[in-house]
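S.K.: how would this look folded up:
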Amino acid sequence: MTDAQDRREPSEQELADREAADAVFAELLARIGEGSPQPRLEPTRRAVELLGDPQRSYGVIHITGTNGKTSTSRIIESILRAYGLRAGLMTSPHLVRVTERIMIDGAPISDRAFADNWADIQPYLLMVDAELAANGEEPLTYFEALTVLAFACFADAPVDVVVLEVGMGGEWDSTNVADGDVAVLTPIALDHESRLGRTVAEIARTKAGIIKPAAHVVTALQKPEAMDEILRAAEHDEAPVAAEGVDFALLDARLAVGGQVIDVRGRAGEYRDLFLPLFGEHQARNAALAIAAVESFLGGGEQELAMDVLHQGFATVTSPGRLQLIGIEPSVLVDAAHNPHSAEALAKALLGSFAFEKVTAIVGILTDKDARGIIEALDPVVDRFIVTQSESDRALGSDELAELVMHIAGPDRVSIEPELSVALEEARGEAGPTDAVLVTGSITLVGQAMRIAREEGWAL
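M.R.: Presented below is the predicted three-dimensional model:
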């Protein structure tokens, strides 16, 4: 949607469609939430079976990992569209509206299509709910139902290929009822330990569960214990593996206005002087991983990609909520870093891609995250912290988080403001022309900041 369309008054039909989509979201929210996923596949498999297995009607590139999943997914999808394929993209979570999670042809699914597809599949979901209840099991969860809806939306569009990001883990994630032609693994680190495992090896074992027989496996540089699990799973399924640093690599990344210029050695060719409109070395590595994934999907890793198509695909890449500039005068950046690994990448990118005089970080973190690790990673590059909390019911209280931040950064560098809108107003008011305000710590906080910026009229 263009800025002009954003500013005009919506029509009666658009308002009705939005209301219908919001009603679907309310029904999804009434189910078991994303914070409590069920480690099972059978209910999702039963639902798509009743619908005629829509997930088998298009090619699938399946993506898991701890960090970089959404950005890598978006780069892959953009390249595929540049090749003339009609692409679907499922990512999670959303920043502002749930329809962001189901993208078709590079745009969020329309409210009308979202609501109509829900009406089509709802009787089958209720049938599965009844079967589960009869067996003493929980009904379909929010994410299970949403995954089935996404598969149905993509089949209805229809699309040629779906870039499918897991919700959590891989092996028992509801997206895993799809058989990925390519399994992509971004860097694996500790996160969601209570659900996925207490060690990197255990987490990698769960994530490697997306590898299917004879699929192409494309993996980022991994810790040895994670790589061992990936190779073991791939060998079991006779799936060839292409690994960063061996089969493909980022050769160089140079800062440029609005992003960076990168050189990549892919599986089938070298691609130089590609402009990537994203900041940070981690995004350059995500781009190299994306290129290898597309090479694997289109030509089994043996067919060089066309440079003009790659340039076109990269030109349209966006990664909302990932080191994104949402306001100027002063600069306001948002980044969805929510674990130490992603916070370290954010800190490195702030040092390498910008030249701010001072950085004020507004932070809010969820209770199940490693808050200490996140703050320790940000501390060297942040001049002042304003501790807040998001609207999520899983948000760590601002007083409790502030105590931790003060212990790390010192009380003189920390203040508390539970209301994000007030924290933003304070930070923006005090920032100089060469300073920056950074909102980070959780995806929910970033989404809330983006909404506030639009409502208050200072969003880009």
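S.K.: Give me the three-state assignment for Asp263.
M.R.: Put simply, Asp263 is strand when judged by DSSP: H, G, I helix; E, B strand; the rest coil.
S.K.: before we move on, what about Gly321?
M.R.: Gly321 - assigned by three-state DSSP - is coil.
S.K.: residues touching it, list them.
M.R.: 95, 334-336, 443, 446-447, 450 (Cβ atoms under 8 Å, 6 or more residues apart in numbering). Every residue, glycine included, has its C-beta placed from N, CA and C.
S.K.: How about Gly397?
M.R.: Gln389.
S.K.: gap between it and Thr367?
M.R.: Noted for Gly397: a distance of 9 Å to Thr367, by Cβ to Cβ, to the nearest Å.
S.K.: quick revisit: which ones among the contacts of Gly321 are found in strands?
M.R.: Using DSSP state E, the subset of those located in strands is 334-335.
S.K.: so which of the contacts of Gly321 comes closest to Arg254?
M.R.: Asp335 (21.5 Å; Cβ to Cβ).
S.K.: Make sure that closest one is actually in contact with Thr440.
M.R.: Yes: Asp335 sits in contact with Thr440 when judged by Cβ atoms under 8 Å, with a separation of 4.7 Å.
S.K.: If any of the contacts of Gly321 are buried, put those into a PyMOL selection.
M.R.: Buried subset of the contacts of Gly321, written as a PyMOL selection, criterion 16 or more other Cβ atoms under 10 Å:
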select buried, resi 95+334+335+336+443+446+447+450
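S.K.: Could you save the contacts of Gly321 as TSV and add columns showing distance to Asp105 and pLDDT?
M.R.: Formatted as TSV, the contacts of Gly321 follow (distance: Cβ to Cβ, whole Å; pLDDT from 0 to 100):
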residue	distance to Asp105	pLDDT
Leu95	19	92
Val334	25	97
Asp335	27	96
Ala336	24	93
Ile443	24	91
Val446	25	96
Gly447	23	94
Met450	22	95
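S.K.: of the contacts of Gly321, closest to Gly352?
M.R.: Ranked by distance to Gly352 (Cβ to Cβ), those are led by Asp335 at 14.0 Å.
S.K.: Return the residues in contact with that closest one.
M.R.: By Cβ under 8 Å, 6+ apart, the contact set of Asp335 is 321-324, 346, 438-440, 446.
S.K.: Help me confirm that Ile365 comes into contact with Leu396.
M.R.: Yes: between Ile365 and Leu396 there is a contact under Cβ under 8 Å: 5.1 Å.
S.K.: distance of the closest residue to Gly258 other than its chain neighbours from Val309?
M.R.: Computed as Cβ to Cβ, 6 or more residues apart in numbering, the closest residue to Gly258 that is not its neighbour in sequence is Pro277, at 5.5 Å. Computed as Cβ to Cβ, the Pro277 to Val309 distance reads 17 Å.
S.K.: What of Arg97?
M.R.: Taken as Cβ to Cβ, the span from Arg97 to Val309 is 31 Å.
S.K.: Need the distance between the two termini of stretch 249-266.
M.R.: End-to-end distance of stretch 249-266: 7 Å, with Cα to Cα, to the nearest Å as the criterion.
S.K.: contacts for it?
M.R.: The contact list for stretch 249-266, computed with Cβ under 8 Å, 6+ apart, reads 244, 248, 270-279, 281, 283-285, 287-288, 291-292, 295, 304-305, 352-353.
S.K.: cool, and stretch 445-454?
M.R.: The contact list for stretch 445-454 (Cβ under 8 Å, 6+ apart) reads 94-96, 320-321, 326-327, 332, 334-336, 362-364, 388-391, 395, 420-421, 424, 439-440, 459.
S.K.: And that stretch, what's buried?
M.R.: For stretch 445-454, burial by neighbour count (16+ other Cβ under 10 Å) applies to 445-453.
S.K.: For it, what is the distance to the chain centroid?
M.R.: 16 Å (Cα atoms, centre = their mean, to the nearest Å).
S.K.: His11: neighbouring residues, count only.
M.R.: Not quite, residue 11 is Ser, not His. Ser11 has 9 neighbours, counted by other Cβ atoms under 10 Å.
S.K.: next one: Ala134
M.R.: Ala134 has 8 neighbours, counted by other Cβ under 10 Å.
S.K.: Please tell me how far it sits from Arg46.
M.R.: When Ala134 is compared with Arg46 (using Cβ to Cβ), they lie 12 Å apart.
S.K.: Out of the contacts of Gly321, which is nearest to Gly209?
M.R.: Ile443 (23.5 Å).
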